[in-house]
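1. got a structure for you, letters missing:
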Ligand code: PEP
Ligand code: MN
């Protein structure tokens, strides 16, 4: 961290500040100029609050040089993390995970049927929401525990590990028992109590990027889970809010190379929620594979026009099968498989 003091800051004030940093265990290098004095702080600055330093009336600028996240940072963990999700390994040079299924679980028969269909099309994991974060309180809210148990049956029938969204700490035990990869939805990315609770488990977590969150905020949320002791975190980009209205959200594919440079965590892309339109899902999936995504999570429904939620962005199993075939060819170009 580099701190530049205002012109004419009294020596006494400079000494006070230097002492406070030294008391935090940081080593301070000072450059005394004719007009300005600059400090360089070296050591663990993750606990230093730069906005608090900037409150000092004699401080001119505070610049953070190192990232505020540690566990997530590739600097301290150079090799790619590979996360085992009920037998499917995600990250590194592992096969690209193909997660597919309906937005919401709609009952036992439908989920078993969909699981079989997506498996036949090439999916390696099954998704399905049992607790749904709906904008309207009058919209379908999910089948709850029944939905989770239906997913378990679909897993038994197909062998596909399951992904489902956890919305509240009160359901954590149920998820730890039954779900292979626990999704934290975009709306809960900064539900810090939920993140802390997940940090105390060792279950893989799929952490979606918030609707309007920066990469740094997203990585700090991953840091919350990891700081609690759970290192099994997978990031998921699902589009962010912009001024554009042609698509439900704007898919930020540039996060793939950035996440890979800054962190060692796997990154999965959700082209369904990112675009909100099934017609755009295939091209965005192929682009994501080309850009190095470690997985794709895609909404698939046997009859999208009758889906209980997100039908407009759901693919039929036939479309999904054709997408998988094309994605395999793109993956081969970058020496990956799916
Ligand atoms: C979902 O996966 O169905 C979902 C609601 O996702 P998001 O949190 O990205 O909106
Ligand atoms: Mn959905």
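-> Great, that's in hand. These numbers were taken from a predicted model, which means no experiment stands behind them. Ligands and ions are numbered 1, 2, ... in the order given.
2. Show me which residues of the stretch 101-250 of the chain sit near ligand 2.
-> residue 103 (Cβ under 5 Å from the ion). For the C-beta atoms, the positions are set from N, CA and C on the backbone; glycine is no exception.
3. So residue 149: helix, strand or coil?
-> In three-state terms, and counting by DSSP: H, G, I helix; E, B strand; the rest coil, residue 149 is helix.
4. the strands in the stretch 51-200 of the chain, which residues?
-> 59-63, 83-85, 88-90, 97-101, 125-127, 162-165, 181-184 (DSSP state E, counting those that start in this stretch).
5. Quick one: residues contacting residue 62.
-> Contacts for residue 62 (Cβ atoms under 8 Å, 6 or more residues apart in numbering) come out as 1-4, 50, 53-54.
6. Setting aside sequence neighbours, what's the nearest residue to it?
-> Nearest residue to residue 62 in three dimensions, chain neighbours excluded: residue 50, at 4.4 Å (Cβ to Cβ, 6 or more residues apart in numbering).
7. Identify the residues contacting the one you found.
-> For residue 50, the contacting residues are 1, 62, 64, by Cβ under 8 Å, 6+ apart.
8. Pull the number of nearby residues for the last one.
-> Spelled out, that is residue 64. 12 (other Cβ atoms under 10 Å).
9. same question, residue 205
-> Neighbourhood size, residue 205 [other Cβ under 10 Å]: 26.
10. Which pLDDT value belongs to whichever residue of the stretch 201-338 of the chain sits closest to ligand 2?
-> In the stretch 201-338 of the chain, no residue comes nearer to ligand 2 than residue 310, which is 3.7 Å away by Cβ to the ion. We have a pLDDT of 98 for residue 310.
11. Residue 25 too?
-> For residue 25, the model assigns a pLDDT of 91.
12. what sits up against the helix or strand hosting residue 234?
-> For residue 234, the host element (DSSP states H and E) is strand 233-237. Contacts of strand 233-237 with the rest of the structure, by Cβ under 8 Å, 6+ apart, involve 72, 81, 83, 85, 90-91, 181, 183, 204-209, 218-219, 222, 225-226, 251-253, 255-256, 259, 263, 265-270, 274, 294-295, 297.
13. OK, now which residue of this protein is nearest to ligand 2?
-> For the chain, Cβ to the ion, closest residue to ligand 2: residue 103, 3.2 Å.
14. wouldn't that residue be in contact with residue 297 here?
-> No. At 11.0 Å, residue 103 and residue 297 do not qualify as touching, with contact defined as Cβ atoms under 8 Å.
15. Overlap of the contact sets of these two?
-> Common neighbours of residue 103 and residue 297 (Cβ under 8 Å, 6+ apart) are residue 272.
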